[in-house]
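In: Predicted model follows, preceded by the sequence.
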Amino acid sequence: MQWEVVIGLETHTQLTTQSKIFSGAPIRFGAAPNTQACPVDLALPGVLPVMNKGAVERAIQFGVAVGATIASRSIFARKNYFYPDLPKGYQISQFESPVVQGGTLSFMLEQDGKAELKTVQLTRAHLEEDAGKSLHEDYQGMTGIDLNRAGTPLLEIVTEPDMRSAAEAVAYAKALHSLVTWLGICDGNMQEGSFRCDANVSVRPIGQKEYGTRCEIKNLNSFRFLEDAINFEVRRQIELIEDGGRVVQATRLYDSDKKETRQMRSKEDAQDYRYFPDPDLPPLVIAQEWIDRVKAAMPELPGAMRARFVRDFGLSEYDAAVLTQSKAMAAYFERIVTQAGKEQAKPAANWLMGDVSSML
């Protein structure tokens, strides 16, 4: 039997604000544990959250960049679950009314020596706070809790299940990483957890319309881990089904040393989190004038620059797409063409994509 792979990604991007999403506490990676947390982050009685305007503006920038609808009115909800590094017992997120709705992201996928333009549909992007961090390695026989990360602003970007291979998922993730760093809304530091992916993976017989049972692989913080984890999970599910078993919906972790996924817990559905509107936060109202101001201050977007490189410099779609993967590379290319002339655009592109890229 031949199988089709179905993949959707949820990407947590840490926003580049100076303070947390609902408090004035600073954000500084690597600080001593529990030195970047305030009473709001610690969920002490008598404190109330206050929305960070900068986080909203970064969400608006992303929505504009992907051609999404910016909700004029969105709601914050409490996502209820228990975990030691979640002091409130709930996470402030968005459920029924996210700030960014829809949108698309296009990218080049190289396979078998050919390049193909792919487009992935986005379901939504919503604002939420990050949880704290459990420290298992630092205390023998115990676990420490560091709440520095609690309350850090996140924009969670969710796709439709549009991807059909690990390579396509990685190409999408790289394109998204390029976009959020281009906009300056995320620093993209994957080692520090500023950009991390959850992959929802399932398989189904080719021709079947119904989706198979999915498993979610959590917290993949490198493109190589993302590709390896998806490929392993696809093999695991196919072998399990072909041996007469069935896939159980679950949340899984990727072990990079053993190069395998392992079950973390049974996968929750939305009803398990008992979402309800947060009574401490009013609806987030975004006027069109605010969107227009944010849009006017944004840099030229990669898609617009790509089209301009094709139109003005005669580059191929592929060359233009490669050059605009990096804001610095695109700017350097334009400086070369400005000084050397448009007739040098193609040689300059070849040099940057070949000799220069090989040394980076």
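Out: Sure thing, it's come through. All values derive from a computational prediction rather than experimental measurement. Residues are numbered from 1 along each chain as shown.

In: max-length helix in this structure?
Out: Assignment by DSSP state H gives helix 223-242 as the longest helix of the chain.

In: and that helix, which residues are buried?
Out: 223, 225-234, 236-237, 241 (16 or more other C-beta atoms under 10 Å). In short, each C-beta sits where N, CA and C put it, glycine included.

In: The residue most central in space within the chain: helix or strand, and which one exactly?
Out: Most central in the chain under C-alpha atoms, centre = their mean is Thr11, positioned 2.5 Å from the mean C-alpha point. Per DSSP states H and E: Thr11 is located in strand 3-14.

In: any idea where the strands of the stretch 51-200 of the chain begin and end?
Out: 69-70, 73-74, 77-80, 90-93, 100-101, 104-111, 114-129, 133-135, 144-146, 153-159, 195-205 (DSSP state E, counting those that start in this stretch).

In: what's the average pLDDT for the third one?
Out: Average pLDDT, strand 77-80: 96.

In: do the same with the last one
Out: When the per-residue pLDDT values of strand 195-205 are averaged, the result is 98.

In: how about that strand as CSV, C-alpha atoms only?
Out: Extracted C-alpha coordinates of strand 195-205, given in CSV (Å, rounded to 0.1, in the frame of the first residue of the first chain):
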residue,chain,number,x,y,z
PHE,A,195,11.5,30.1,17.3
ARG,A,196,10.3,26.5,17.9
CYS,A,197,7.9,24.2,16.0
ASP,A,198,5.3,21.6,16.9
ALA,A,199,4.6,19.2,14.1
ASN,A,200,1.3,17.4,13.7
VAL,A,201,1.9,14.3,11.6
SER,A,202,-0.4,11.6,10.2
VAL,A,203,-0.5,9.2,7.3
ARG,A,204,-3.3,7.9,5.1
PRO,A,205,-3.6,5.6,2.1
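
In: Partner strands of it, with direction?
Out: strand 3-14 (antiparallel), strand 215-220 (antiparallel) (DSSP bridges).

In: One more: the second one?
Out: For strand 73-74, the pairing partners within the sheet under DSSP bridges are strand 284-285 (antiparallel).

In: Then the fifth one?
Out: Paired strands of strand 100-101, with direction, are strand 69-70 (antiparallel), strand 114-129 (antiparallel) (DSSP bridges).

In: chain center to the shortest one, what's the gap?
Out: So that's strand 69-70. Relative to its parent chain, strand 69-70 has a centroid offset of 18 Å by C-alpha atoms, centre = their mean, to the nearest Å.

In: Repeat that for stretch 173-187.
Out: Stretch 173-187 has its average C-alpha position 9 Å from the chain's average C-alpha position, going by C-alpha atoms, centre = their mean.

In: Kindly report the same for stretch 88-103.
Out: Stretch 88-103 sits 14 Å away from the centroid of its parent chain (C-alpha atoms, centre = their mean).

In: now swap in stretch 124-144 and tell me
Out: Between the centre of stretch 124-144 and the centre of its host chain there is 18 Å, according to C-alpha atoms, centre = their mean.

In: Give me the number of neighbouring residues for Met264.
Out: Met264: 14 surrounding residues under other C-beta atoms under 10 Å.

In: Contacts only, for it.
Out: Met264 makes contacts with 218, 250-253, as judged by C-beta atoms under 8 Å, 6 or more residues apart in numbering.

In: how does the protein divide into domains?
Out: What the record gives for the chain is the domain set 3-296, 302-359, from automatic domain parsing.

In: ends of the first one, how far apart?
Out: Spelled out, that is domain 3-296. Criterion C-alpha to C-alpha, to the nearest Å; first-to-last residue distance in domain 3-296 is 46 Å.

In: Can I get the strands paired with strand 100-101 in CSV including mean pLDDT, mean neighbour count and distance to Met329?
Out: Converted to CSV, those look like this (pLDDT from 0 to 100; neighbours: other C-beta atoms under 10 Å; distance: least, C-beta to C-beta, whole Å):
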stretch, mean pLDDT, mean neighbour count, distance to Met329
strand 69-70, 98, 17, 29
strand 114-129, 95, 18, 17
